[in-house]
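Novice: missing the sequence, but the structure's below:
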């Protein structure tokens with residue numbers, strides 16, 4: 001006879017059961033709930049969590065591809081729904097999501113999973129501990145994310161949902177931002193430089209060609225597109241692409257917004273803390289002067305390129321983004337393998353300051369900027385606790401339970417990456433988010449250890 005095991009996770013949420021349930025029904029909920037360390041791809045989705053809807057997933061575990069087909073059952077709006085495995089790696093899988101009112105404005109979310117490992121008694125003996133451990137990591141992440149997202153949206157309860165156009169929506173930041181917005185009831189459209197698919201809006205930055213009639217229907221634009229600064233050595237051609245993709249693209253989009261007589265009222269445009277340059281231990285806020293060098297020059301021209309939109313009365317927010325932490329990409333993703341192998345350590349003497357921000361706080365800051373009419377101009381998108389590179393390395397090693405013994409000499413970094421190493425790895429930029437905090441933003445991960453533990457499970 002098959003023996004089933006059970007896993008239960010309960011969390012108090014800061015909203016009503018009806019709103020928590022609605023969050024799970026909206027587009028993007030599944031994306032928000034997938035831990036960033038899990039390699040999961042949605043093959044097909046029936047559209048929602050209604051009775052009988054099915055979802056097919058592929059979970060990549062190293063060389064193994066695990067296919068799941070689940071069906072939603074027992075749908076009771078505002079109360080519960082179940083996910084039942086029809087095909088997949090488990091002998092039995094029944095996941096019940098329940099929402100119980102708690103007090104006048106809160107509720108309790110309970111995830112209860114009844115499962116059976118494959119392989120009978122031997123499979124249970126060998127696999128139960130591993131499954132329980134993975135479920136604990138996964139649902140701790142899911143519940144923390146759900147609670148934080150609901151709290152962020154609740155702060156703007158009663159405000160009309162926005163229609164938002166996003167450039168760079170398929171990138172690291174855009175792919176996390178879109179589901180955060182849609183689960184809050186906002187409508188998101190991708191602005192693409194390629195051939196548009198579905199309801200995407202096509203755009204040619206070089207010619208400025210864009211459908212002005214469609215553009216005028218949006219409430220806000222988030223501009224994230226641009227050539228990656230961290231991929232490949234900074235040759236003359238690479239530096240030209242970095243500069244032109246940001247400046248010309250931003251200027252083209254700003255002119256299109258200026259030409260809309262009754263169009264988007266807000267433009268949140270990416271910039272970077274590279275604006276400040278290499279400044280040692282100097283504490284930098286939005287009032288600090290720009291630095292010297294290639295990246296400060298790029299950022300100055302980048303921000304100035306929004307002038308046509310600003311002159312036309314559009315509220316512009318320049319998000320000066322720090323080192324974005326996500327295991328899906330960026331600096332952290334590149335550091336994980338050497339640190340997991342026990343070969344991680346500081347770069348150079350490790351004294352240079354790294355001003356970082358978790359991916360959840362970055363998309364949270366963008367959402368906050370969209371919803372806060374008083375916020376405009378330069379806004380540092382960094383955590384309130386910048387650390388030295390040595391502290392960063394030790395924290396990552398501690399979270400991964402690995403040593404921090406092998407520093408990378410500054411010369412080795414320079415030989416491997418050229419000028420990019422000086423600007424991105426060994427430069428010291430100690431930035432604080434004065435404007436963001438003054439406007440009322442509440443950080444999810446103010447400390448580096450907390451951010452790394454959440455992102456890495």
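Specialist: Yes, it's here. Remember, predicted model here, so these are calculated numbers, not experimental data. Numbers count the residues shown, from 1 in each chain.

Novice: Tell me if residue 227 really is in a helix.
Specialist: No - applying DSSP: H, G, I helix; E, B strand; the rest coil, one finds residue 227 to be coil, outside a helix.

Novice: For the closest residue to it other than its chain neighbours, which three-state class applies?
Specialist: Closest residue to residue 227 apart from its sequence neighbours, by CB to CB, 6 or more residues apart in numbering: residue 245 at 4.1 Å. Bear in mind the C-beta positions are built from the backbone N, C-alpha and C, glycine included. Put simply, residue 245 is helix when judged by three-state DSSP.

Novice: Wait, residue 245 touches residue 226, no?
Specialist: Yes - between residue 245 and residue 226 there is a contact at 4.7 Å, judged by CB atoms under 8 Å.

Novice: what about those two, which has more around it?
Specialist: residue 226 (22 against 18; other CB atoms under 10 Å).

Novice: Identify the residues contacting the more buried one.
Specialist: Residue 226 is in contact with 168, 242, 245, 246, 249, 270, counting by CB atoms under 8 Å, 6 or more residues apart in numbering.

Novice: Now for the third one: which residues touch it?
Specialist: Taking CB under 8 Å, 6+ apart as the contact definition, residue 245 lies against 205, 225, 226, 227.

Novice: same check, this time on the fourth one
Specialist: Contacts for residue 246 (CB under 8 Å, 6+ apart) come out as 226, 227, 298, 301, 302, 305.

Novice: switch the cut-off to 7 Å
Specialist: Going by CB atoms under 7 Å, 6 or more residues apart in numbering, residue 246 touches 226, 298, 302.

Novice: Pick out whichever of the residues you listed sits closest to residue 125.
Specialist: Checking the contacts of residue 246 against residue 125 with CB to CB, the nearest one is residue 226 at 52.3 Å.

Novice: And the pLDDT at residue 406?
Specialist: Predicted confidence (pLDDT) for residue 406: 85.

Novice: Kindly confirm my reading that it is in a helix.
Specialist: No - judged by three-state DSSP, residue 406 forms no part of a helix; its state is coil.

Novice: Checking the closest residue to it other than its chain neighbours next. Helix, strand or coil?
Specialist: Of all residues not flanking residue 406 in the chain, residue 345 sits nearest, at 4.3 Å (CB to CB, 6+ apart). Here residue 345 is coil, with the state taken from three-state DSSP.

Novice: Next, the distance between the ends of stretch 265-277.
Specialist: One end of stretch 265-277 to the other measures 31 Å (CA to CA, to the nearest Å).

Novice: Buried ones in that stretch, by neighbour count?
Specialist: Along stretch 265-277, these residues count as buried under the neighbour rule (16 or more other CB atoms under 10 Å): 265-277.

Novice: Stretch 344-356 now?
Specialist: 344, 345, 346, 347, 348, 350, 352, 353, 354, 355, 356.

Novice: which of these lies closest to residue 328?
Specialist: Proximity of those to residue 328 was ranked by CB to CB; the top entry is residue 356 with 15.3 Å.

Novice: so which of the contacts of residue 245 would you say is closest to residue 284?
Specialist: Residue 284 lies nearest to residue 226 out of the contacts of residue 245, by CB to CB, at 22.2 Å.

Novice: quick one: that closest one from residue 72, how far?
Specialist: According to CB to CB, to the nearest Å, residue 226 stands 39 Å off from residue 72.

Novice: still on that earlier bit, what two of the buried residues of stretch 265-277 have the greatest distance between them?
Specialist: Once CB to CB is applied, the buried residues of stretch 265-277 give 265 and 277 as the farthest pair, at 32.5 Å.

Novice: still on that earlier bit, Throw the contacts of residue 226 into JSON lines and include pLDDT and distance to residue 23, thanks.
Specialist: Listed next are those as JSON lines, based on pLDDT from 0 to 100; distance: CB to CB, whole Å:
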{"residue": "168", "pLDDT": "94", "distance to residue 23": "25"}
{"residue": "242", "pLDDT": "91", "distance to residue 23": "38"}
{"residue": "245", "pLDDT": "90", "distance to residue 23": "35"}
{"residue": "246", "pLDDT": "93", "distance to residue 23": "34"}
{"residue": "249", "pLDDT": "94", "distance to residue 23": "33"}
{"residue": "270", "pLDDT": "97", "distance to residue 23": "27"}
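
Novice: possible to save those as TSV with distance to residue 310?
Specialist: Formatted as TSV, the contacts of residue 226 follow (distance: CB to CB, whole Å):
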residue	distance to residue 310
168	21
242	23
245	21
246	17
249	16
270	16
